[in-house]
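[1] One predicted model, sequence on top.
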Amino acid sequence: MVEAIIKIENLNFRYPDGQKALDGVNLVVRRGESVALIGPNGAGKSTIILHLNGILRSNGAVRIMGQMVAEKNLKLIRSKVGLIFQNPEDQLFSPTVFDDIAFGPINMGLPEPEVLRLVKKALKEVGMSGYENRSPHHLSWGEKKRIAFATVLAMSPEIMVADEPSSNLDPRAKGSIIKLLNELPMTKIIASHDLDLIQSVCGRAVIIDGGKVVADGPVYEILANTSLLKSHGLASAA
C-alpha cells in the first residue's frame with residue numbers, strides 16, 4: 001500500500017472569537033496523490049491547509065510523513081511541506097526575486113553555491129529564468145504567482161499545498177499555472193473554487209463544508225454529482 005504522507009485525525013479548531021472552523025476532520029493523503037479541497041467560502045479549507053505546516057495548531061492529530069505537527073518537529077515539517085498562499089504578495093517581501101527565492105535555502109544553512117543552484121533551478125521550473133534581479137513588486141499578478149511557487153520549490157518539498165492558485169489570473173496565466181501544477185512530481189493539496197483547474201490537475205476531490213469532510217472520492221465522480229455540488233454551494237460550477 002502506498003504510504004500515507006498526510007494523516008489528519010479528529011481535527012477541531014476554533015478561532016479566538018469562538019467561531020468553530022473545523023469539526024472533527026479526518027483525512028488521509030497518500031504519497032503522489034493530487035487532492036482538491038473544495039467547498040463554499042468559510043467551509044474550513046484554508047484552516048485545514050494552515051495546519052499542515054503548523055501555522056495553525058489545535059487539538060486533534062496532524063502527521064506529516066509519520067511526524068506529528070508539533071513544536072519540536074516544525075523545522076523538519078516546514079522543509080517537507082511547501083505552502084503557496086492565495087495572495088502572492090504575502091509570500092514576496094524582498095527587494096529582488098533572487099532574494100525571495102534564496103531566503104528559504106539560506107535559512108536552511110546551505111552554502112552559497114547550493115543556494116545559487118536551487119534559485120536557478122526553481123526559476124527554470126516555473127518558466128521565469130532570468131528574473132533574478134527583478135523587483136517582485138513590479139511583476140504582473142501571474143508572474144508573482146510563479147515566483148511564489150519558486151520560493152517553495154527552492155526548498156525541494158515533498159508536499160506542495162496551494163491555496164486558490166488560479167485566483168485573479170487571466171486565462172493564459174491560469175493555463176500556465178495548470179501546466180506547472182501538472183508537471184510538479186510531488187504530492188499536491190489544492191484548495192480552490194476553480195473546478196476547471198481541479199478537474200485538470202487533481203485525481204481526488206474532498207468537499208469541506210461546515211468544518212467537516214462531507215464527500216471524498218474520484219474528482220470525476222464528485223464533479224459529476226450536480227445535486228451534491230448544489231447542496232454545498234458549488235452548483236454554479238457544475
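    Cool, got the structure.
[2] For residue 119, identify the helix or strand it belongs to.
    Under the assignment given by DSSP states H and E, the secondary-structure element containing residue 119 is helix 112-125.
[3] I'd like the next helix or strand past that helix.
    Per DSSP H and E, the first helix or strand lying C-terminal to helix 112-125 is helix 141-153.
[4] what about whichever helix or strand comes after that following helix, average pLDDT?
    As assigned by DSSP H and E, the chain's next helix or strand after helix 141-153 is strand 159-163. Strand 159-163 shows a mean pLDDT of 95.
[5] any idea how far residue 28 is from residue 60?
    Distance of residue 60 to residue 28, given as Cβ to Cβ, to the nearest Å: 14 Å. C-betas here are computed from N, CA, C, even on glycine.
[6] let me redo that: residue 14
    Looking at residue 14 against residue 28, where the rule is Cβ to Cβ, the gap reads 24 Å.
[7] what ranges of this protein fall below the confidence cut-off?
    Applying pLDDT under 70 to the chain picks out residues 1-2, 235-238.
[8] All the strands of it, residue numbers only.
    Secondary structure of the chain by DSSP state E: the strands cover 4-14, 20-30, 34-38, 61-64, 67-68, 81-84, 159-163, 187-191, 204-209, 212-218.
[9] Pairing partners for the fifth one, with directions?
    So that's strand 67-68. Take DSSP bridges as the rule and strand 67-68 pairs in its sheet with strand 61-64 (antiparallel).
[10] Same question for the first one.
    Its sheet considered, strand 4-14 pairs with strand 20-30 (antiparallel), strand 61-64 (antiparallel) by DSSP bridges.
[11] Single out the most deeply packed of those strands.
    Among these, strand 61-64 has the highest mean neighbour count (mean count of other Cβ atoms under 10 Å), at a mean of 20.
[12] Would you mind writing the CA trace of it as CSV?
    Listed in CSV are the C-alpha atoms of strand 61-64, where the atom choice follows Å, rounded to 0.1, in the frame of the first residue of the first chain:
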residue,chain,number,x,y,z
ALA,A,61,-3.6,14.9,15.4
VAL,A,62,-1.9,16.0,12.2
ARG,A,63,1.0,13.9,11.0
ILE,A,64,3.3,14.6,8.0
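[13] Identify all contacting residues around that strand.
    Under the criterion Cβ atoms under 8 Å, 6 or more residues apart in numbering, residues 5-11, 51-53, 68-69, 77, 80-81, 159 lie in contact with strand 61-64.
[14] next one: stretch 227-236
    The set of residues that contact stretch 227-236 without belonging to it, under Cβ under 8 Å, 6+ apart, is 38-41, 43, 193, 195, 207, 209, 214-215, 222-223, 226, 237-238.
[15] Pull the distance from it to the chain's centre.
    Relative to the chain's own centre, stretch 227-236 is displaced by 23 Å; criterion: Cα atoms, centre = their mean, to the nearest Å.
[16] Over to stretch 99-109?
    The offset between the C-alpha centroid of stretch 99-109 and the centroid of the whole chain comes to 19 Å, using Cα atoms, centre = their mean.
[17] Stretch 223-231 too?
    When distances are taken as Cα atoms, centre = their mean, stretch 223-231 is centred 24 Å away from the chain's centroid.
[18] can you pull the buried residues of it?
    When neighbours are counted by 16 or more other Cβ atoms under 10 Å, the buried residues of stretch 223-231 are found to be 223, 225, 228-229.
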